[in-house]
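Engineer: Please find the sequence and the predicted model below.
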Amino acid sequence: MRNVLMGGIFLFFGVLSLPPYAIGATARQAAGAEVVGAHYQAVKAYPGIFEPRHVYSRFSQTSWQGSLHPALVKDVTCYQAQRALARHGKWTGELKRDGSCGDSGEPHLWATGNFLNFRMAPKSP
């Protein structure tokens, strides 16, 4: 009994000594959430089923849908969205049909086809 208690104490203090970001990253990975900055390179073309220069959107946990307006990354005129899509391949917010920034409402997730192809690519061990 004493060994179990001592082991529990060491485990407890061992977890407390981990940096907070390590605990959070592990929890996000276990939940299947995306870990931001996981090696996506916007200048690299990732093969897959999505058109690399197209814009896709989804609301909450729905599937990714090709956007009719704006259809292409070059059609996005909202500076914040354009910059995030060009650098990171994704953005959360509202876009109007003409590609400009939308009103603040329930935000959509926006991604380039290239980023979605990256997400679907098998990861090397």
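Structural biologist: Happy to help now that I have it. Just so it is clear, the structure is predicted and the values come from calculations on it, not from any experiment.
Engineer: Kindly state the domain boundaries assigned to the protein.
Structural biologist: Domain assignment for the chain, taken from automatic domain parsing, gives 1-33, 45-120.
Engineer: need the least confident one among those domains, by mean pLDDT.
Structural biologist: Mean pLDDT is lowest for domain 1-33 out of the domains of the chain, coming in at a mean of 41.
Engineer: What strand or helix carries the closest residue to M120 other than its chain neighbours?
Structural biologist: Counting by C-beta to C-beta, 6 or more residues apart in numbering, G48 is the residue found nearest to M120 once chain neighbours are left out, at 5.4 Å. For glycine as for every other residue, the C-beta is placed from the backbone atoms N, C-alpha and C. Using DSSP states H and E, G48 falls within no helix or strand.
Engineer: ok, now Q82?
Structural biologist: helix 79-88.
Engineer: Would you indicate which residues of that helix are buried?
Structural biologist: By neighbour count with 16 or more other C-beta atoms under 10 Å, helix 79-88 contains the buried residues A81, Q82, A84, L85.
Engineer: And for stretch 42-56?
Structural biologist: Result for stretch 42-56 [16+ other C-beta under 10 Å]: buried residues Y46, F50, E51, P52, H54, V55, Y56.
Engineer: what do you get for stretch 104-115?
Structural biologist: Quick answer for stretch 104-115 (16+ other C-beta under 10 Å): H108, L109, W110, A111, T112, G113, N114, F115.
Engineer: dump the residue contacts of the nearest residue to the last one once chain neighbours are set aside.
Structural biologist: So that's F115. Once flanking residues are discounted, F115 sits nearest to G89: 2.7 Å by C-beta to C-beta, 6+ apart. G89 makes contact with Y40, A42, A111, T112, N114, F115, F118 under the criterion C-beta atoms under 8 Å, 6 or more residues apart in numbering.
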